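> next one to model:
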Amino acid sequence: MVRAVVFDVGETLIDETRIWTRWADRLGVPALTFLGVLGGCAALDLSHRHAFDMVRPGVDVPAELERWARDDPHGLRENFDADDLYPDVREALAGLRAAGLAVVVAGNQPPQARAALEAMDLPVDAIRTSDEWGVQKPDPEFFARVAELSGFPAAEIAYVGDRLDNDVLPAADAGMMPVLIRRGPWGYLHAERAEAARATVVDSLLDLPALLAP
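Residues are numbered from 1 along each chain as shown. Alright, predicted model coming up:
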């Protein structure tokens, strides 16, 4: 029986289109080009970081972030806000809590992401980021921290994410119920792979309350 549902952030709760479009503008390439290169990285099992080097070879991303902060100190830049939430998020999370399930957010995110998520007043019990824990998915220690945070054993936790490599397969290996959301470049591509058979695949977070409720 599932008693806690834990969510990834990017392309699970947050639509990253605006973030990547702002990055394209910053890097001086058309948005379609940068988004296409990101899709290529997803298809080739490359980190999204390769996209930066492809469109601007040798770019120093941390230095670019510092310059960007100076140039646009009050803008969102590489960050997100409530306008980036997928439209099914609030209703789905509320439905899970109404069903008596604990709801947690834990993903690979920089430290400022927690404050951004907390400002949205989402119906969740806890929010944590990889930077806070000092460990990132797919490291098994990340999923051990997830279980500790939720307060339930792994067998009673469902982990929802958009990627097989970072979310679904390591969650399954940790003994959790893996759920793959078919959205975002990785989500659509990974849902077509044979390994997706290890997960429950959904097209909307609104499928979850009926699927997971006791």
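> so who does the closest residue to residue 147 other than its chain neighbours touch?
Spatial nearest neighbour of residue 147, chain neighbours left out: residue 154 (5.1 Å); criterion: Cβ to Cβ, 6 or more residues apart in numbering. In this view, the C-beta of every residue, glycine as well, is placed from N, C-alpha and C. Residue 154 is in contact with 143, 147, 174, 175, 176, counting by Cβ atoms under 8 Å, 6 or more residues apart in numbering.
> just the buried members of these?
Buried subset of those (neighbour count, 16 or more other Cβ atoms under 10 Å): 143, 147, 174, 176.
> how near is the first one to residue 157?
For residue 143, the distance to residue 157 under the criterion Cβ to Cβ, to the nearest Å works out to 9 Å.
> against residue 31, how distant is the spatially closest residue to residue 26 that is not a sequence neighbour?
Distance criterion Cβ to Cβ, 6+ apart; nearest residue to residue 26, sequence neighbours excluded, is residue 68 at 6.1 Å. For residue 68, the distance to residue 31 equals 17 Å [Cβ to Cβ].
> can you pull the contacts of residue 83?
Contacts of residue 83 (Cβ under 8 Å, 6+ apart): residue 18.
> and the lengthiest helix in the chain, what does it pack onto?
Longest helix in the chain by number of residues, with DSSP state H as the criterion: helix 31-43. Applying 3 or more Cβ pairs under 8 Å, 6 or more residues apart in numbering; DSSP states H and E, one finds that helix 31-43 makes contact with helix 17-27, helix 49-55, helix 184-191.
> give the buried residues for it.
Across helix 31-43, burial judged by 16+ other Cβ under 10 Å covers 34, 35, 37, 38, 39, 41, 42.
> looking at those, which two lie furthest apart in space?
Pairwise distances across the buried residues of helix 31-43 (Cβ to Cβ) peak at 13.0 Å, for the pair 34 and 42.
> quick one: residue 185 and residue 42, what's the gap?
Distance of residue 185 to residue 42, given as Cβ to Cβ: 4 Å.
> nice, that's everything, thank you.
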